[in-house]
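S.K.: output the structure for:
(2 chains)
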Amino acid sequence: MTGEILRILLLVMQLGFLAVLYLLLFGFARSLLRDLRSAEMTQEASQSGIGRLAVVESPNDEPAAGHSIALGPINSIGRNVNSTVYVEDDFVSGSHAMLTFRGRSWYIEDLGSTNGTYVNGHRVERPVALSFGDELMIGRVRMRLER
Amino acid sequence: MRAVRRPVELQMLLPLALLVPLGFAVTHIAETGTLDPGPMGLAIGFVAVMFGGHLALRLAGNRGDQLLLPAAAAIGAVGFVMLNRLPQSQLGMDLFGVEMGMATTQLLWFAVGITAMVAVAVLFRDDGILRHYKYTWALGGGLLLLLTFLFGREVNGARLWLYLGPIGFQPGEAIKIVLVVFIAGYLAEKRALLAGATTRVGPIRIPPLPYLLPMLAIFVMVMLVVVISRDLGTALLFLGIFLTMLFVATGRRSYVLMGILLFVGGAFVAYQLFGHVRVRVDNWIDPFVDPSGTGYQTVQALYAFGRGGLFGEGLGQGLPSISGRLPIPALPTDFIFAGIAEELGLLGATALLGLALVLVFRGLRTAMLARDDFSSMLAVGLTVSLGLQTLIIVAGNLKLVPLTGITFPFVSYGGSSLLASFVIVGLLLAVSHRTALDAVAEGRGP
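M.R.: Okay, the predicted model is just below:
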């Protein structure tokens, strides 16, 4: 008789174990779905662009460090006030560099600036392809290309 | 370092406080035939370790993905219940005169793993350390590989173990992570070149070899050493990780195709050269040729899957042990999935794979949202290493592919594997933490 009770108890507990396991899985599935829906919504709201420039270091605070600038396909960088990315720094030329998105990569080209354009510490001589995460040094302003 | 709340993580960890003690109770009742639920120290210890990890992440101010830890903990919980159910004396560690059973040892490693996870999530919040010193990391990994090759201990025909006093570890697990870090750093630097440029030789477009060569050279070296030390499961895993990362970085199918051809060729050569590869492959094609010899484990595993059925034999009620020994000797390590399938049935085994899927899903999401190429590639590589490893060993248990001796991440008995798996979760947490911080800076996040 006790054997019978034991067997039923074990069966119930075993099914209980599986039930908790599936409850857990169900909870994960719900979290994933909720996250997917909110991701769709933020994507619709922001229409995320092709890239951004995050300002890491900027002695004159123009652009301010910590800000990130949304980029179009063609961006001029310089001290000229009409530049897409306007940089106020004594070491930056009027038309300093050009940042363009072609095909599926970003490219940077120095426009004959006095103090040069640096990518990850190397001076740019010709137009070079950039990866997301690369650091640009324009004058004394340090910026990072981000998605 | 401002403390943050991680409510979703806490909520998803709570069911474990019921799941693990329940599993322990079923096991004890089934084994003793009394109504006594048995000692709960280990179960409580496991739950405490996981909640400790959660608290530490909160205090450290980690804003990373909140489903990564619960998913890993849930997978680990099922494995831990299973290990507790097996004869404890079979494996375990003798640490400074204190003899510990299998589950106790594993709990110790869970604690070490969670500690490492939190440490990694905090230390690598700034990706610079990993990214800028990628060659140094690769060199360290290479040295480790060389040490294993020279001084390693051979178990089951493969030289995988290094011993430091009483504690042995498998450097392959650490090398896996270092390799992913290196490839991610290299591909992030050269991605634009690899995806864009092609050299044309007549009508055939070939990839820009000069840019690929340094990475290929290091990868081939690693593969050579791994193959020579006859650790073919790891070789397969490394190749899979490498090809996936290359494909993600460049979007070129031709690389994957070349890789697969390379694999088929390599597999054929390995079959011809190594006796134990031939044994594994022959067992895979037909284990019943020698069911009590070389095919023994595979045959027993197939029987175990069959006995399990839909709901399983019940924890502590399957796996008839013959005079205290398990029917499948490698049950706690290579064949743990077969044991879980026998006692928890198709339902339990499927749930376990579902949890692994959650982990992979969140890892790939972390990669997708990352703001720079290195973080993205790193997250892809790490996630794929967990997912692929699970896939290879589960398929090996089921006789879908030849069995290779790699572990089931978070489930199999073994400290190195557990530690490495939690370090991977820690790195993923660090990457998603950075993404979340950037979102906050742009005023889009909470």
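S.K.: contact partners for the one residue in the stretch 251-400 of chain B that gets nearest to chain A?
M.R.: Per CB to the nearest CB, B:Asp372 is where the stretch 251-400 of chain B lies closest to chain A, at 2.7 Å. Every residue, glycine included, has its C-beta placed from N, CA and C. Residues near B:Asp372 by CB atoms under 8 Å, 6 or more residues apart in numbering or on different chains: A:Ser131, A:Phe132, A:Gly133, A:Arg144, A:Leu145, A:Glu146, A:Arg147, B:Asp127, B:Ala188.
S.K.: correct me, but the first one touches B:Tyr186?
M.R.: Okay, so that is A:Ser131. No. Using CB atoms under 8 Å as the test, A:Ser131 is too far from B:Tyr186 to be in contact (11.1 Å).
S.K.: reformat the contacts of B:Asp372 as TSV; add secondary structure.
M.R.: Below are these laid out as TSV (DSSP: H, G, I helix; E, B strand; the rest coil):
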residue	secondary structure
A:Ser131	coil
A:Phe132	coil
A:Gly133	coil
A:Arg144	strand
A:Leu145	strand
A:Glu146	strand
A:Arg147	coil
B:Asp127	coil
B:Ala188	helix
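S.K.: return the item of the residues you listed having minimum pLDDT.
M.R.: Least confident of those in the model: B:Asp127, at 67.
S.K.: so where is the chain shaky, pLDDT-wise?
M.R.: Chain wasn't specified; assuming chain A. In the predicted model of chain A, residues A:1, A:40-48, A:103 satisfy pLDDT under 70.
S.K.: my bad, the chain I had in mind was chain B
M.R.: Applying pLDDT under 70 to chain B flags the ranges B:1, B:90-99, B:127, B:154-160, B:164-168, B:192-209, B:229, B:320-325, B:441-446.
S.K.: what are the boundaries of the strands in it?
M.R.: With strands called from DSSP state E, chain B shows them at B:93-95, B:98-100, B:153-155, B:158-164, B:167-169, B:199-201, B:204-206.
S.K.: same question, chain A
M.R.: Counting by DSSP E, the strands of chain A are A:52-57, A:68-70, A:74-78, A:85-86, A:97-102, A:105-110, A:117-119, A:122-123, A:128-130, A:135-138, A:141-146.
S.K.: got a markdown table for those, with mean neighbour count and distance to chain B too?
M.R.: Converted to a markdown table, these look like this (neighbours: other CB atoms under 10 Å in any protein chain shown; distance: least, CB to the nearest CB, whole Å):
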| stretch | mean neighbour count | distance to chain B |
| --- | --- | --- |
| strand A:52-57 | 18 | 7 |
| strand A:68-70 | 16 | 6 |
| strand A:74-78 | 20 | 17 |
| strand A:85-86 | 18 | 16 |
| strand A:97-102 | 19 | 9 |
| strand A:105-110 | 19 | 4 |
| strand A:117-119 | 20 | 11 |
| strand A:122-123 | 10 | 11 |
| strand A:128-130 | 20 | 3 |
| strand A:135-138 | 22 | 10 |
| strand A:141-146 | 21 | 4 |
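S.K.: and the residue in chain A that chain B sits nearest to, what does it touch?
M.R.: Nearest residue of chain A to chain B, counting by CB to the nearest CB: A:Gly133, 2.7 Å away. By CB under 8 Å, 6+ apart, A:Gly133 lies in contact with A:Arg144, A:Leu145, A:Glu146, B:Arg131, B:Ala188, B:Arg371, B:Asp372, B:Asp373, B:Phe374, B:Ser375.
S.K.: how many other residues sit next to the fourth one?
M.R.: If you count neighbours by other CB atoms under 10 Å in any protein chain shown, B:Arg131 ends up with 21.
S.K.: thought it was touching B:Leu187?
M.R.: No. Using CB under 8 Å, B:Arg131 is not in contact with B:Leu187; the gap is 11.5 Å.
S.K.: where is the longest helix in chain B?
M.R.: helix B:336-369 (DSSP state H).
S.K.: that helix: which residues count as buried?
M.R.: B:336-345, B:347-349, B:351-352, B:354-367, B:369 (16 or more other CB atoms under 10 Å in any protein chain shown).
S.K.: what about chain A: which of those touch it?
M.R.: B:Leu344, B:Gly345, B:Leu347, B:Gly348, B:Ala351, B:Gly354, B:Leu355, B:Val358, B:Phe361, B:Arg362, B:Arg365 (CB under 8 Å from any CB of the partner chain).
S.K.: wait, which of the residues you listed is closest to A:Phe101?
M.R.: Nearest to A:Phe101 among those is B:Arg365, at 24.9 Å by CB to CB.
S.K.: distance check, that closest one against B:Met223.
M.R.: 30 Å (CB to CB, to the nearest Å).
S.K.: quick check: residues of the stretch 1-150 of chain B near chain A?
M.R.: Counting by CB under 8 Å from any CB, the stretch 1-150 of chain B sits next to chain A at B:8, B:11-12, B:15-16, B:18-19, B:22-23, B:25-26, B:29-30, B:33, B:35, B:67, B:70-71, B:74, B:78, B:131.
S.K.: among these, which are in helices?
M.R.: B:8, B:11-12, B:16, B:18-19, B:22-23, B:25-26, B:29-30, B:70-71, B:74, B:78, B:131.
S.K.: quick one: B:Trp284 from A:Glu125, how far?
M.R.: According to CB to CB, B:Trp284 stands 56 Å off from A:Glu125.
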